[in-house]
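# okay, sequence plus prediction incoming.
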Amino acid sequence: MNGCSSKHVIKHIMVPYDKSEAANHAFEYAVDLAKKYNSPISIVSCVSLQIPTDPYFGTAYVETTKLLREDAVNSISKLEPRLRESNISFKTDVLEVISITESLMSYAESHDIDLIIIGSRGLGGFKKLLLGSVASGVSQHSKCPVLIVK
Amino acid sequence: MKQKISKILVPMDGSVKSFKALKEAIYLARQCHSTITGLCIIPIYTINLGKLLTSLKNQSQKEAKKFLAEAKIQCAQNGIVFNEKIIYGNQSWEITEFAVYKKFDLIVIGSRGMSRTKEAFLGSVANSIVHKSKVPVLVVK
């Protein structure tokens, strides 16, 4: 067919990651799909700065964001051996943001992501929560396909 | 079709306004013979940090348990059954999802919480709950 654009191909996968069980499952699917599509993976963790500036918090604000960032960098680095052994090219990023969903969306757009693989829930919520706020927001606003993994 | 109000959800953050909302919920509960569930949402950044911020997590949890215990006393004084629930996560989302999951009949929430910004009408959490909730919402000013 003439003039067939490469619009519907998977060339770059993105995995928002937060150490949760679902995020780990999403990562495993990403590794599998990245091998099959021969595509690089971008792993992104968001550190949300929605930390209240209550009196008892005070100076702990800066310290807390620093610790959050360190923890995110640390947990993402634990994924690297798995990526190396599977021979997948990858990029990791830790973003300091106000809105997690919005920043994931703009990252996806600016990095030409073709597929987002995300866990259905993160670390919080209650046991029977079906879909977390970030997964829900991403699936609604994403311009590219989203694979939600439980 | 008559709609009974038998389960009332009161999101609380320990603020004066949230206790005002609780008082309103107590009044309704007495009329409608309902139970009240006090729900406190603790921001998620307190839980994924291992040892370093465990003290922060413990502190938030302690604070939450403290004002929920106070809420329980106020309910007991009025003969209302009070359940407490603490959830970690995104405030507006967890509240609206929990309300649907546990089939609450009414959410009673203060117009503002702990934040000091005097927004014109509604604080951000109350505002998004009013928009997103599938369950009727009573906003207490």
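Received it, and whenever you're ready, just let me know what you need. All values reported here derive from a predicted model rather than from experimental measurement.
# how about residue B:9, secondary structure?
Local secondary structure at residue B:9 is given as strand here, using DSSP: H, G, I helix; E, B strand; the rest coil.
# and residue 19, which of the three is it?
I went with chain A, as the question did not name one. Strictly by three-state DSSP, residue A:19 counts as coil.
# not what I meant, chain B
The assignment at residue B:19 comes out as helix when based on three-state DSSP.
# pretty sure it sits against residue B:71.
Yes. With contact defined as C-beta atoms under 8 Å, residue B:19 and residue B:71 form a contacting pair (7.3 Å). No exception for glycine: its C-beta is placed from N, CA and C like everyone else's.
# which residues do those two both contact?
Here residue B:19 and residue B:71 share the contacting residues residue B:12, scored by C-beta atoms under 8 Å, 6 or more residues apart in numbering or on different chains.
# for the two, indicate the residue with more neighbours.
More crowded of residue B:19 and residue B:71, by other C-beta atoms under 10 Å in any protein chain shown: residue B:71, with 23 against 18.
# enumerate every residue touching the more buried one.
B:10, B:12, B:19, B:22, B:38, B:82, B:84 are the contacts of residue B:71 under C-beta under 8 Å, 6+ apart.
# narrow those residues to those in strands?
Within these, residues falling in strands by DSSP state E are B:10, B:38, B:82, B:84.
# any chance of the residues you listed in TSV, plus distance to chain A, pLDDT and neighbour count?
As requested, the ones in strands among the contacts of residue B:71 are arranged in TSV below (distance: C-beta to the nearest C-beta, whole Å; pLDDT from 0 to 100; neighbours: other C-beta atoms under 10 Å in any protein chain shown):
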residue	distance to chain A	pLDDT	neighbour count
B:10	16	98	29
B:38	15	98	27
B:82	18	98	22
B:84	13	97	17
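# in the helix or strand of chain A with the lowest mean pLDDT, what's buried?
Least confident element among the helices and strands of chain A, by mean pLDDT, DSSP states H and E: helix A:60-77 (a mean of 85). By neighbour count with 16 or more other C-beta atoms under 10 Å in any protein chain shown, helix A:60-77 contains the buried residues A:64, A:65, A:67, A:68, A:71, A:72, A:75, A:76.
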